[in-house]
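**Q** Pasted the sequence and its predicted model underneath.
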Amino acid sequence: MKAWRVEMSGPTLRLDDVPDPVARPDSVLIRVQACMLVSYLREYVRGELPGYNPPADPFTPGTSGIGVVEAVGDNVYDLRVGQRVLTTGYVLAAENVAEPAQALLSMTAAPSSMPLLNAWREGTLAELAVAPISAVTPIPESLDAIPSERLSVVQRCLVPFGGMQRGRLAPGEAVIINGATGDFGGAAVQVALAMGAGRIVAGGRNEAILAALGKIERVIPVRFTGDVEADAAALRDAAGGGAQFALDMIGDATDTAATQATLAALGRGGRLVLMGSARAPLPIDYTELMMTNREIIGHFMYTAGAPAQLLTLVAAGLLDLDSVDVASYPLADLPAAMDAAAQPGGPLVVIRPN
């Protein structure tokens with residue numbers, strides 16, 4: 001088969017002919033139909049992302065995909081050949097221990113979880129991929145008419161959905177999305193709508209993207225200025241008073257002014273879930289946090305059941321996949337696709353191996 005291969009020691013990226021993989025115990029072999037690209041994949045394969053621990057060379061990148069099961073390994077009882085499935089990048093080791101290993105498949109893991117990452121270092125930027133069954137979700141037959149490229153929007157929505165579940169978002173609540181102009185932040189707006197948020201305050205700095213978000217019913221854009229007090233007041237006003245919930249999705253931020261403003265805009269008992277990638281400390285006023293009963297929750301990724309729950313929202317017509325522009329590229333055009341994925345405010349970029 002054709003597969004992209006990365007050697008981080010170079011770094012090099014090339015399209016190779018490699019032997020077809022074989023399903024292992026506790027896994028399925030998938031013929032990939034669509035693979036969503038993360039916006040930072042170009043920088044990742046160049047070795048330009050500090051803090052990422054890639055698997056051993058060489059490996060195939062691609063953390064998620066949609067495709068059809070070609071074969072099942074031992075210890076697989078319900079997934080079946082011919083079934084269209086969604087495979088996701090986050091895997092948690094199935095061991096009954098206090099802190100099981102976790103990894104983003106073919107991407108990164110903490111040093112203590114590197115054995116898990118290396119065990120699953122072959123990703124979905126290939127014609128065929130082997131995926132652990134814990135990361136594979138059947139796609140309901142009611143969604144058969146939706147092309148796999150379009151259905152890939154679900155994979156971008158998974159991360160914010162996991163954060164909203166962790167933060168106990170309830171229907172009717174006022175929500176603030178910090179970083180709403182980014183890829184995952186924009187998806188968070190759609191997820192909040194699907195989950196019944198009463199009012200969604202979209203915070204960011206990109207005026208064009210904020211203007212587009214402001215055209216969506218129940219979405220109120222707020223442009224950050226960097227003044228924490230002024231931005232907090234603007235967020236609180238847009239939320240109709242203190243918000244009950246906030247999701248922080250800022251990417252690679254060098255300061256936390258927007259996060260501080262978001263926290264200050266919460267009402268009493270409000271919850272802030274941190275899922276971004278800030279590279280600066282977050283100062284906390286101990287007394288204020290105590291007196292307001294606010295919660296700050298750090299959260300990584302999503303539960304194993306989240307993909308099926310999101311697909312249920314799609315099937316019910318609550319999660320609007322058409323709200324996101326999708327651009328698809330053939331497997332051989334990965335370099336151009338990575339450039340397109342890196343453009344702020346651009347479409348969701350998908351590779352179609354077949």
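**A** Now that the structure is in, tell me what you want to look at. Numbers count the residues shown, from 1 in each chain.
**Q** Just give the nearest non-adjacent residue to the residue nearest in space to the middle of the chain, would you?
**A** In the chain, the centroid-proximal residue (C-alpha atoms, centre = their mean) is residue 159; its distance is 3.7 Å. Nearest residue to residue 159, sequence neighbours excluded (C-beta to C-beta, 6 or more residues apart in numbering): residue 184, at 5.3 Å. Where C-beta positions appear, they are placed from N, C-alpha and C, glycine not excepted.
**Q** Report how many residues lie close to the one you found.
**A** For residue 184, the count of nearby residues is 24 (other C-beta atoms under 10 Å).
**Q** Give the helix, strand or coil label for it.
**A** helix (DSSP: H, G, I helix; E, B strand; the rest coil).
**Q** That one and residue 302: what is the separation?
**A** Distance of residue 184 to residue 302, given as C-beta to C-beta, to the nearest Å: 12 Å.
**Q** okay, and the common contacts of these two?
**A** In terms of C-beta atoms under 8 Å, 6 or more residues apart in numbering, residue 184 and residue 302 are both contacted by the residues residue 159.
**Q** domains for the chain, by residue range?
**A** 2-138+324-352, 157-298 (automatic domain parsing).
**Q** So which of the ones you listed is nearest residue 151?
**A** Of all those, the one in closest proximity to residue 151, counting by C-beta to C-beta, is domain 2-138+324-352 (5.7 Å).
**Q** ok, now which ones touch residue 258?
**A** With C-beta under 8 Å, 6+ apart, residue 258 has these contacts: 178-179, 203, 224, 231, 250.
**Q** so where does it fall, helix or strand?
**A** Assessed by DSSP states H and E, residue 258 sits inside helix 257-264.
**Q** hey, C-alpha coordinates of that helix in PDB?
**A** Coordinates of each C-alpha in helix 257-264 appear next as PDB, following Å, rounded to 0.1, in the frame of the first residue of the first chain:
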ATOM      1  CA  ALA A 257      -4.700  37.700  29.400                       C
ATOM      2  CA  ALA A 258      -7.700  36.300  27.500                       C
ATOM      3  CA  THR A 259      -8.000  33.300  29.800                       C
ATOM      4  CA  GLN A 260      -7.800  35.700  32.800                       C
ATOM      5  CA  ALA A 261     -10.700  37.800  31.300                       C
ATOM      6  CA  THR A 262     -12.700  34.600  30.600                       C
ATOM      7  CA  LEU A 263     -12.300  33.400  34.200                       C
ATOM      8  CA  ALA A 264     -13.300  36.900  35.500                       C
END
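**Q** Next secondary structure after that helix?
**A** Per DSSP H and E, the first helix or strand lying C-terminal to helix 257-264 is strand 266-274.
**Q** re the thing from before, next, the angle strand 266-274 makes with the helix holding residue 258.
**A** With axes from the mean of the first three to the mean of the last three C-alpha atoms, to 10 degrees applied, the angle from helix 257-264 to strand 266-274 works out at 140 degrees.
**Q** avg pLDDT for helix 257-264?
**A** Across helix 257-264, pLDDT averages out at 98.
**Q** Off-centre distance for that helix?
**A** With C-alpha atoms, centre = their mean, to the nearest Å as the basis, helix 257-264 stands 22 Å off its chain's centre.
**Q** same question, stretch 270-290
**A** The answer for stretch 270-290 is 21 Å, by C-alpha atoms, centre = their mean.
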